[in-house]
Each structure stands twice: as C-alpha cells, then as structure tokens.
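# I'd like to go over a predicted model; first the sequence, then the structure.
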Amino acid sequence: MNFKIGIGYDIHRLVKGRKLYLGGVLIPYSKGLLGHSDGDVLIHAVCDALLGAAGLCDIGEMFPDTDQRYKNIRSSILLAKVGAALKQKGVKVGNIDAVIIAQEPKLTGFKKDIAVSLSKILKVKAQNISVKAKTNEGLDASGDSRAIACYAVATLKKGD
C-alpha cells in the first residue's frame, strides 16, 4: 500500500480570558490559547501534518490570519475543511500520532476524548489516532506554563 507521511507543529501562548480547546475538546482551565482562531494547537499541528502529507499548502496559507472569516473560528471547523480537501484529492487518513507538550493542565483524563473528537471530525476510527501528553519538565515556554505546543505526524493512503 502506498502511504504519504506529513509532520506538523504548533505552539500558542496561554492567556487569561480564553477557553482552552485541544483536539476540539473544551478543557477546564483558568487560561486558554491565544490565536486568530480558538488557538487549538493540536488541531493546527494535525492540519499541517495532513496538508503536508497530501502535498498541499500549510494551515496559515489555507486559513490566513488576515482573513476575518477565521477570526475566533473553532479549529474543528478548519480540520473538517482539511478533511474535505483530502477527500477531494482522493486520499484518506491512515493514522495520526500527536504529542501535546503542556506543563499544565494535566491532560491524562482527556486523551481518549480528544482522540474520539478528532476521529469524528475526520470520519476515521478512533483507534487510528494516538494522543500523548508530555511536560517539558519545567523547561522553556511550555515547561513554565506560558504556552502549549504540539507535534503531529499523519499518514495518508489512497482513498478506497
């Protein structure tokens, strides 16, 4: 079977007065991620991984922060649009592997919900999505709770 692989990365600053969304799931926390959209770093990294694997543009080109249509938009809507672009190109998601880097909040109890959320948005089996959460052991912006970052890898296969 012929697979394509893509990688994505994103980081956003944590600020008061915003809701925290990761993978389309609302996470109870005193801060949220600053961004033109809802700042969902996990979805942004996944979008870039999928777009890269498909040989398409990146998330910033597809949904520019200069376009007011995307101001405060839920990133789950952006991911659904990426999924539609993949379908149009004749490819399907094989799997997604993501690592969220956050000192706070603790995400262990949310990883399954996040995988299910991503699977529903992309219309793939939740078992094909892996979500891990790591701290940065107090190092850098993620480690001292000023930001949350995410890395994602995705494979695509020819549509059936």
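All right, it came through fine. Residues are numbered from 1 along each chain as shown.

# other SSEs contacting the helix or strand hosting residue 153?
Using DSSP states H and E, the element containing residue 153 is strand 147-158. If you count contacts as 3 or more C-beta pairs under 8 Å, 6 or more residues apart in numbering; DSSP states H and E, strand 147-158 packs onto strand 3-16, helix 41-53, strand 91-101, helix 140-143. From N, CA and C alone the C-beta is placed, and that goes for glycine too.

# pick the most buried one from the ones you listed.
Most buried of those, by mean neighbour count (mean count of other C-beta atoms under 10 Å): helix 41-53, with a mean of 27.

# follow-up on the earlier one: with mean pLDDT and distance to residue 25 added, can I get the helices and strands packed on strand 147-158 in TSV?
Formatted as TSV, the helices and strands packed on strand 147-158 follow (pLDDT from 0 to 100; distance: least, C-beta to C-beta, whole Å):
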stretch	mean pLDDT	distance to residue 25
strand 3-16	97	16
helix 41-53	98	9
strand 91-101	97	11
helix 140-143	91	19
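
# figure out which of these is closest to residue 132.
strand 91-101 (4.8 Å; C-beta to C-beta).

# what angle do the next helix or strand after that closest one and strand 147-158 make?
Sequence order places helix 111-122 as the next helix or strand after strand 91-101, per DSSP H and E. If you take axes from the mean of the first three to the mean of the last three C-alpha atoms, to 10 degrees, helix 111-122 sits at 50 degrees to strand 147-158.

# buried residues in helix 111-122, which are they?
For helix 111-122, the neighbour count (16 or more other C-beta atoms under 10 Å) marks 111, 113, 114, 115, 116, 117, 118, 119, 121, 122 as buried.

# contact partners of the helix or strand of the chain with the lowest mean pLDDT?
For the chain, using mean pLDDT, DSSP states H and E, the weakest element among its helices and strands is helix 140-143, scoring a mean of 91. If you take C-beta atoms under 8 Å, 6 or more residues apart in numbering as the criterion, helix 140-143 is touched by 11, 13, 101, 102, 103, 135, 136, 137, 147, 148, 149.

# likewise stretch 110-125?
Against stretch 110-125 from outside (C-beta under 8 Å, 6+ apart): 22-25, 27, 42-43, 46, 76, 79-80, 83, 92-93, 96, 107, 126, 128-133.

# show me the shaky parts of this structure.
Residues of the chain meeting the criterion pLDDT under 70: 1, 159-160.

# again, 90 this time
1-3, 138-139, 143, 158-160 (pLDDT under 90).
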